[in-house]
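> Got a sequence here, can you model it:
(chains A, B, C and D, ligands or ions: 8)
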Protein chains: 4
Amino acid sequence: MRVLYLGDIVGRSGRALAVEKIPELRKSLRLDFVVVNGENAAAGFGITEKISDELFTAGVDVISTGNHIWDQKETKNHIAGEKRLIRPLNFPVGTPGRGSTIVQDARGRKMLVINVMGRIFMDPLDDPFAAVEAELNKYALGSTVQFILVDIHGEATSEKMAMGQFCDGRTSLVVGTHSHIPTADAQIFDGGTAYQTDAGMCGDYNSVIGMDKAEPLQRFTRKMSTGRFSPAVGPGTLCGVFVETDDKTGLAKRVEPLRLGARLHEHMPIA
Amino acid sequence: MRVLYLGDIVGRSGRALAVEKIPELRKSLRLDFVVVNGENAAAGFGITEKISDELFTAGVDVISTGNHIWDQKETKNHIAGEKRLIRPLNFPVGTPGRGSTIVQDARGRKMLVINVMGRIFMDPLDDPFAAVEAELNKYALGSTVQFILVDIHGEATSEKMAMGQFCDGRTSLVVGTHSHIPTADAQIFDGGTAYQTDAGMCGDYNSVIGMDKAEPLQRFTRKMSTGRFSPAVGPGTLCGVFVETDDKTGLAKRVEPLRLGARLHEHMPIA
Amino acid sequence: MRVLYLGDIVGRSGRALAVEKIPELRKSLRLDFVVVNGENAAAGFGITEKISDELFTAGVDVISTGNHIWDQKETKNHIAGEKRLIRPLNFPVGTPGRGSTIVQDARGRKMLVINVMGRIFMDPLDDPFAAVEAELNKYALGSTVQFILVDIHGEATSEKMAMGQFCDGRTSLVVGTHSHIPTADAQIFDGGTAYQTDAGMCGDYNSVIGMDKAEPLQRFTRKMSTGRFSPAVGPGTLCGVFVETDDKTGLAKRVEPLRLGARLHEHMPIA
Amino acid sequence: MRVLYLGDIVGRSGRALAVEKIPELRKSLRLDFVVVNGENAAAGFGITEKISDELFTAGVDVISTGNHIWDQKETKNHIAGEKRLIRPLNFPVGTPGRGSTIVQDARGRKMLVINVMGRIFMDPLDDPFAAVEAELNKYALGSTVQFILVDIHGEATSEKMAMGQFCDGRTSLVVGTHSHIPTADAQIFDGGTAYQTDAGMCGDYNSVIGMDKAEPLQRFTRKMSTGRFSPAVGPGTLCGVFVETDDKTGLAKRVEPLRLGARLHEHMPIA
Ligand SMILES: [Fe+2]
Ligand SMILES: [Fe+2]
Ligand SMILES: [Fe+2]
Ligand SMILES: [Fe+2]
Ligand SMILES: [Fe+2]
Ligand SMILES: [Fe+2]
Ligand SMILES: [Fe+2]
Ligand SMILES: [Fe+2]
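Ligands and ions are numbered 1, 2, ... in the order given. Modelled structure (predicted):
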C-alpha cells in the first residue's frame, strides 16, 4: 500500500497548497491513502467543518489533530458526526469524537489511523503508550487491517522515538507531529515499522514555525505580548512522509520524506 | 568559507565515527573549519579532556556543548584553560569557561562560534536573545570576523527558529542542537543567514535519541527507572550541516545537511 | 474519629522528632489513626524498610509517599509485602505495591488511605481525578469505611485544591503534600470534606524546603551543581493536619493544622 | 516599622474586602506601610488604573504584581506614570514600568519594595537572584532605607525559600506570592529577615485558588475548556503577613500571618 502523511497544515498558506497538490500527488505517487494533520488549519488554531470538507474533497482520507483540536468551538459537535476527523486517543473517557478510525479503499483494504498525544512538555493526558497498546490489541496488522498509522503529536523527540520503537513490528508507520519542523530521520526500524520523528508542517517556512515572525520574536525578546499569533502568509511548503508497505504484512518496504514548495530543499519520493 | 557543523556526539558510536570521518571530510568537502557539539561525548554525559583532545586531533576546531556541559567533574577545570571548548553563553556571570570563541585559519580568516541555550522546557538561564545580541555587537561580520556560527541548544523548535530569524543577516549560520534528531529544514533566511533547526546527533539512530532503547522504553511505560541511561552501541551515523559563505559578507551562499552512516537517508553536500 | 496526618518526613531531623512525638500525640490528641508521608525519610530520598518499621513502631498506621517512592532500590520488593506503605495510585497498571490501603482500629472502624500524584509540573502519571473516582466508587463513606483520607502529592495549588473540591462530600480529608511548606488554609468544604493544600514537611525549616541550604542556593545562583542535596540537620519541626470526623457520616467536624517544633509558629489542636 | 503585606487580590471578593478593611487595619495594627499584590484584581486578570487608584485611596502604599501584569491592555501606559505600581524586576531591559520603588512616610522613613518573578515552572525571565542582588547593592538597610520588602512571585516553594535565604540579613521581609494559598511558615531567618513562602490571596477560598470552581474542575477532569475562568464571588478572606522591624537595622523583630474573613482559621497579629 502507498500512503502519504502530511504534517500540521498551518493557515491559508499550507491549506491552499495542500488542496492544490493532493490531487496531483495521489496520481503521481499512486497513493492509496492520504492522511493530514489539521490542528492548525483554521488560521493556526484548530479546524472548522468547512476546512475539513475542503480537505476531504481534495483527496484526504483522514485528518488527525493534536493539542489545538478544540480551538474552534464548533469542533465538539462536528467531530461527533465526522468519523474521518480524529482527536488524540488519550483524552479522558467521554471526550467527544474518537482517537482512531478505519478507512477502506475500493479494493477493500483497510487503514487504521491512531492519533495520540505525548505528555512530555505537553498538557498531561492519559498514558499514550497504554492507549496505543490497547488500540493495537484490537487489530491484526496484515490481516484485519492492511496499514496502521500512528500520529504521535508531541514535543519531546525522546517520547516520539520511544513510541516508534514501542510500535515497531506492530504498525506500518509511526510519525510525529507538533514541532512544525520536518525531521530528516526517516528509517525503517528493525521490526519493519517506518518512522519519522516529525512530519513537519504544511505552511510558510519563512516564519517562526508557521507563524508570522514579528509577534513570536517580540515575545521572546520582550517577554510581553503585543498581539495575537497569526500564520505567516508567504508561499507554502508541504512536508510529510511517504510509505510503501507490503499488504501481506502491513510492514514498510520504503519510507521517504516529501518536501514540496517554496522553501526547504525539495524531496519527492520516486514514484 | 566552508564550514561543517556536526551535532551532539553521543557516546562511542558517534565519537568513533566522527574521529574516523572528520579528516576525510575536511579534504573531500574542502572544509575551512569544523565545529561539533560534544555535550554527550563521554558515554552520553558531558565530555572529558581526553575526548576533546581526541576530537581536536581529528580536525575539530571548536567544541560547543549544552545542558550536559558539567556532567563530568573535570570539566570545570578543563574548560578554564581550553579556549576551543565552549559552554552556553547565558550561564550566570562568573561561570567557568566562555560562551564564545574565535579561531583563525592559516589565511588569517576568523570564525566566531557562539553557544547559547534556549529556555523553553529547559533549565532557566539568562536571556539567550539578549546574550547573543550583546555578543554580536562586539563584531562586524565580513570584517572583523568572516564567519559567525550560533549553536542554539534548545528543546522548542519555536525558540530555535526565532533565534535564527533574530540573527538573520548578522550571522553566517544558526544551527540548533539538543533534540538529537536532524531536521530537514536547512534554508537561507531573507537576510542571508543559513539556518537548520537541529543538526541531529552523531550516534546510533537505532535507539531512543542515541540511548539504548530498553531503559527509555521501560521508563516511558512503567514510570520507574530500572537503571541508568547508556548510549546505544550500534553503528553510528554522523549528522550535521554544511555551509558555504562569501568571505566578503560572511553570509551564506549554500546550506546543506550532512548525513553519513549506518541509518537514515544519507546526504553528502556536493563538494 | 480523630486522625493526624503528618507531611513529608525529611531526613533525620524530621524522622527523629516524628518517632519521639507520635506516641505522645496519639495520647494527648486521643488519635485513632496516624498517617505520615515518608517519601523523603531516607536522607531525603525515599524510604527504607528499616525506617518504615521504625515509624510503624512509633505509632504510624499508614505511610504514603510520592515522586520519591522508588529512590531506594529495596522499595520495589519491600512495598509488595507491606500493605501499610503505599505509593501513588496513578502509576501504570502493574506497578509494584498499591495506591490505597485500609487499616482498622480495635473497635473495627476502618480508614481508607488513598495516595495520588498530581500531574501539573510533575512527571505525567495516569489521570489522578479518574483514579480517585474509581477508588471512591468501591467504598461508601460512613458505611463500609468510616474515614477516607486522600493525600494528593503535587506541585500546583490549583490541582490540589481542585482535588479537594472534586472529593468534597465523598472523603473525610484531602491533604496535599510535596511542597514541603505547610499551608494555612485548613477548612471544611461545603460538602463536609476537610482540606489543606499542603501538610508541610517534618524536618528542619532552617533550610531550603528541608535541604541544607548551601547546595540549593549555589544551584539557583550559579546554575551548576557542586554536590548532592542533603537534608538540613538542625532541630526539626513537625507539620501536619488534625481532623475530627463524625463516624456516622465520615465527614469532618473539625480540621486544624499541627505545627510542633523548633521553627514556625507552633499550633497544637485543642485536645 | 510596622508593615502589612497582602497577597494577590483576586477579583471583586478580594478587592471589596481589601478596600473595606485596609483603613481599619492601618489603625488597629498601627501600620506604617501597606503593600498588596494586585495582579489578579481586575476580574482575575491584571489590574486597571481605576482599581489601583481605589486601592491607593484605601491606604495601599505600593502595589506589586506578577505574571498577570500585562493582562489589561492599559497597563503598559499606566505603569509608566505610576511609581507606586510595580512589575517584576527581572523583565528584560526596556520593559515599561519599574521593578522596585521607594515610598516614604510622614517621618521620612523609607521603604524599598522589590517585585521579582521566579523561573521554576514559570515563563523564563532574567535571573531573579542576580536582579535582586543588583538592586540590594544600591541601598543600605537601616541607613538609606529603613525597610526592604521583596515579593518573590513564583510557583516553586524551593525557589521562594532560596530567595528568602539569599536575602537573609539584607532585607526586612521576603514574601512569596502566586500560589494563592497562604503558607504557615512565617519565621525570622538567622540573619534577621522575616520570611513567609506565600502570602496567600485575598479572595474567595470556596473556589479553586480564587476562581469559580466549575471551570477548573471541568478542565482538570475533561482536559477541555468550556469557558473562561472567572473569580469566585462568595465572601472574601484577606491573607497576608505582618512584620515589625527595628528601624535602626531594618531587620525583623516579629512576623505573623494575617488571615481575616469568611473562610480559613482567622489570625490577627496582636496590635
Ligand atoms: Fe501543530
Ligand atoms: Fe500541536
Ligand atoms: Fe545532547
Ligand atoms: Fe542537550
Ligand atoms: Fe517530599
Ligand atoms: Fe515529592
Ligand atoms: Fe496571582
Ligand atoms: Fe501569578
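> just the helices in chain A please.
With helices called from DSSP state H, chain A shows them at A:11-28, A:49-58, A:75-81, A:128-136, A:157-167, A:214-222.
> In a markdown table, list these along with mean neighbour count and mean pLDDT.
For the C-beta atoms, the positions are set from N, CA and C on the backbone; glycine is no exception. What follows is the helices of chain A, written out as a markdown table (neighbours: other C-beta atoms under 10 Å in any protein chain shown; pLDDT from 0 to 100):
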| stretch | mean neighbour count | mean pLDDT |
| --- | --- | --- |
| helix A:11-28 | 20 | 98 |
| helix A:49-58 | 17 | 98 |
| helix A:75-81 | 17 | 97 |
| helix A:128-136 | 20 | 98 |
| helix A:157-167 | 26 | 98 |
| helix A:214-222 | 18 | 97 |
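> Tell me how many other residues surround whatever residue of the stretch 101-250 of chain A ends up closest to ligand 5.
Of the residues in the stretch 101-250 of chain A, the one nearest ligand 5 is A:Pro124, at a distance of 19.7 Å by C-beta to the ion. Taking other C-beta atoms under 10 Å in any protein chain shown as the neighbour definition, A:Pro124 ends up with a count of 23.
> got the phi/psi numbers for it?
Note on A:Pro124: its backbone torsions stand at phi -80, psi 120 [degrees, to the nearest 10].
> Excluding chain neighbours, what is closest to it?
The spatial neighbour of A:Pro124 that comes closest, neighbours along the chain excluded (C-beta to C-beta, 6 or more residues apart in numbering or on different chains), is C:Arg119 at 3.9 Å.
> And for A:Phe242?
The spatially closest residue to A:Phe242, leaving aside those adjacent along the chain, is A:Pro269, at 4.1 Å (C-beta to C-beta, 6+ apart).
> wait, doesn't that neighbour sit right on A:Arg259?
No - in this structure A:Pro269 lies outside contact range of A:Arg259 using C-beta atoms under 8 Å: 10.3 Å.
> who are the neighbours in contact with the closest residue to ligand 8 within the stretch 51-200 of chain A?
When distances are taken as C-beta to the ion, the stretch 51-200 of chain A reaches nearest to ligand 8 at A:Asp123, 19.1 Å away. Taking C-beta atoms under 8 Å, 6 or more residues apart in numbering or on different chains as the contact definition, A:Asp123 lies against A:67, A:117, D:223.
> same thing with A:Pro128?
For A:Pro128, the set of contacting residues under the criterion of C-beta under 8 Å, 6+ apart consists of A:89-90, A:116-119, A:152, A:154, A:159, A:163.
> list the contacts for A:Ala252?
The contact partners of A:Ala252, by C-beta under 8 Å, 6+ apart, come to A:172-173, A:188, A:192-194, A:243-245.
> and if you look at A:Arg98?
Applying C-beta under 8 Å, 6+ apart, the residues near A:Arg98 are A:83, A:86-87.
> picking that back up, top of the contacts of A:Asp123 by number of neighbours, please.
Scoring these on neighbours with other C-beta under 10 Å, the highest-scoring entry is A:Met117 at 30 neighbours.
> Across the sheet, point out what pairs with that one.
With DSSP bridges applied, the residues forming beta bridges to A:Met117 are A:His153.
> What's the separation between it and B:Arg219?
Going from A:Met117 to B:Arg219 by C-beta to C-beta, to the nearest Å gives 18 Å.
> and the two most separated of the contacts of A:Ala252?
A:Thr193 and A:Glu244 (13.3 Å; C-beta to C-beta).
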